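Enquirer: One predicted model, sequence on top.
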Amino acid sequence: MGNDPSKKGKKKPVHPKIVSKGKNSSKTLRLLILHDVGSKPQMDAVDHFCDAVNAFKPPGSLVIKERDVKILELDVSSCLSGNSLTDAKQWINEWLGLSGVVLVCLLSSQDVQPFADDINLQGGKIVAFSFGKCPTSWKECVSLNVDFKAVRSPSDFEEPLKELIAVVRAE
């Protein structure tokens, strides 16, 4: 019974695996941080923010790579100096051409409306946000209400990120 010779040597049929080539659901992001002279953000806090975005559920659905983070210092007298503005616009346009989403973070009290107008901040796949209060001149800006200088881990961003992530996914 248990040692039936007719069953020995027979292999179970192997069924081919079906691999779906469905749409890639991850969305790659670039992060542009604008800050005042002398108030460059701590890289640990920037890393924690990126880690929190990358870990947002479902993990891997949004991705910010280290090479896709740009930090620009705002000139005291104006929004962005000539070369910085040109670099920022070129960087943003290049990324938008690749179907990416650009997050623009304002860590400044300066009026950056000329910059916002120049890159068409209210249209396309550019999402503006601030860790504190958003400029009143920006019609669409997400305020995270997080003390960026006090951030100690990615978990500090979990709850505040919900609105920003919803806006990014809608783009």
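Expert: It's in.
Enquirer: show me where this structure has strands.
Expert: 27-35, 62-73, 101-107, 126-130, 142-143 (DSSP state E).
Enquirer: Dump those to a markdown table, plus distance to Ala55.
Expert: Every residue, glycine included, has its C-beta placed from N, CA and C. Shown next, in a markdown table, are the strands of the chain (distance: least, CB to CB, whole Å):
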| stretch | distance to Ala55 |
| --- | --- |
| strand 27-35 | 13 |
| strand 62-73 | 9 |
| strand 101-107 | 16 |
| strand 126-130 | 18 |
| strand 142-143 | 19 |
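Enquirer: Please render those strands as JSON lines that adds mean pLDDT and mean neighbour count to the earlier fields.
Expert: Output for these, formatted as JSON lines (pLDDT from 0 to 100; neighbours: other CB atoms under 10 Å):
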{"stretch": "strand 27-35", "mean pLDDT": "87", "mean neighbour count": "20"}
{"stretch": "strand 62-73", "mean pLDDT": "89", "mean neighbour count": "16"}
{"stretch": "strand 101-107", "mean pLDDT": "85", "mean neighbour count": "23"}
{"stretch": "strand 126-130", "mean pLDDT": "88", "mean neighbour count": "22"}
{"stretch": "strand 142-143", "mean pLDDT": "90", "mean neighbour count": "18"}
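Enquirer: For Ile165, which of these is the nearest?
Expert: strand 62-73 (6.8 Å; CB to CB).
Enquirer: chain center to that closest one: distance?
Expert: The chain centroid and the centroid of strand 62-73 are separated by 8 Å under CA atoms, centre = their mean, to the nearest Å.
Enquirer: Need the contact partners of that strand.
Expert: Applying CB atoms under 8 Å, 6 or more residues apart in numbering, the external contacts of strand 62-73 come out as 26-37, 40-41, 46, 50, 53-54, 56, 80, 84, 87-88, 91, 95, 103, 165, 168-169.
Enquirer: Point to the residue nearest the middle of the chain.
Expert: In the chain, the residue lying closest to the centroid (CA atoms, centre = their mean) is Leu29, at 4.1 Å.
Enquirer: Val146 versus that one, what's the distance?
Expert: Noted for Leu29: a distance of 18 Å to Val146, by CB to CB, to the nearest Å.
Enquirer: what's the answer for Val63, then?
Expert: Val63 is 21 Å from Val146, by CB to CB.
Enquirer: Ok, Ser153 next?
Expert: 12 Å.
Enquirer: Give me the more crowded residue out of these two.
Expert: Just comparing Ser153 and Val146: by other CB atoms under 10 Å the higher neighbour count belongs to Val146, 18 against 11.
Enquirer: So for Asn145, what's the nearest residue that isn't a sequence neighbour?
Expert: Pro160 (6.1 Å; CB to CB, 6 or more residues apart in numbering).
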